[in-house]
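**Q** Predicted structure and sequence below. I'll ask about it afterward.
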Amino acid sequence: MAAASKRNAILRIACKVVREQGASKLTLDAVAREAGISKGGLLYHFPTKEALIQATLDDFLDRFETQTEARAVEGCGSHPWTHAYLTQSFQTSSEDLETSAAVLAAASGNPALLAPMRERYEAWQSRIVSESRSPALATIARLAADGLFFCELFHLAPLEPRLRSEVLDALLELADAPSSSPARRGVPTEYS
C-alpha cells in the first residue's frame, strides 16, 4: 500500500475509534491495533496523538475547501465562492459529518488543535465578504449554513430533504440580495 493511501486509511481508522469508542479511547496503541500495523508503523506517519488529530482535521478541511473551490470555478451564481461554500456545506456526506464529530471530540482536549480550523473559517469569511454586495446578508447565509452543518453533526433536529433544499435556495437568494441600509428598515445603526 502506498504511503499516502496508508496514511489516509489510518486517518479513517482514528475517526472510527473515536466514533465507536469515544474521544478518550483515541490512543496511538488503539489506532495501531485497529489498523493492524505496529505502533512504529503508525509513528512513521503520525509521531504523536496530536499530529494524528491535526492531520484528520486538516484532511477534512482540505477536502471541503477543494470541493468548494471546484464548485466556485463552475461559477454558480453571481457570487461564485459564496454560492459554492453554501452549497458544499449542504452537501457534506454523512461520512464527513461523522469524521468531523470524531475529530472535534478528540480535539476538545487540546483547543490549540482547532487553530487551523479558525484560520480557514476566517479566510472563507473574508472571501465571502469580498465578493458580496451585502457582507451582512452573505454572512448571515454562511452562519445559517454553518448552523445546519453543526445541527446535522450533532443530530439536532435535522431537516427533512424538501425543507433542507428550500433552506439552501433561500440562503443562496439571501447571499445575492443587495445591501439595504439598516436605518431605512427602521433598525438602529448603533447600540445605546
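**A** Happy to help now that I have it.

**Q** Need the three-state assignment for the residue nearest to residue 158 when sequence neighbours are not counted.
**A** Computed as CB to CB, 6 or more residues apart in numbering, the closest residue to residue 158 that is not its neighbour in sequence is residue 152, at 5.3 Å. C-betas here are computed from N, CA, C, even on glycine. Secondary structure, DSSP: H, G, I helix; E, B strand; the rest coil: residue 152 is helix.

**Q** With residue 129 as the reference, measure out to residue 152.
**A** Computed as CB to CB, to the nearest Å, the residue 152 to residue 129 distance reads 25 Å.

**Q** Compare these two (neighbour count), which wins?
**A** Each of residue 152 and residue 129 has its neighbours counted (other CB atoms under 10 Å); residue 152 has more, 20 against 15.

**Q** max-length helix in the protein?
**A** helix 49-73 (DSSP state H).

**Q** what's the residue nearest to residue 158 in contact with, if anything?
**A** 92, 97, 158 (CB atoms under 8 Å, 6 or more residues apart in numbering).

**Q** before we move on, the earlier item: which secondary structure elements does the longest helix of the chain sit against?
**A** On a contact count with 3 or more CB pairs under 8 Å, 6 or more residues apart in numbering; DSSP states H and E, helix 49-73 meets helix 3-21, helix 28-35, helix 80-90, helix 94-107, helix 115-131.

**Q** how many neighbours does residue 170 have?
**A** 12.

**Q** Equivalent analysis for residue 98, please.
**A** Neighbours of residue 98 (other CB under 10 Å): 15.

**Q** do the same with residue 166
**A** Residue 166 has 11 nearby residues by other CB under 10 Å.

**Q** Give me the contact list for the host helix or strand of it.
**A** In this assignment (DSSP states H and E), residue 166 forms part of helix 161-176. Outside of helix 161-176, the residues within contact range by CB under 8 Å, 6+ apart are 77-79, 82-83, 86-87, 90, 128, 132-133, 137-138, 140-142, 144-145, 148, 159.

**Q** Good, wrapping up.
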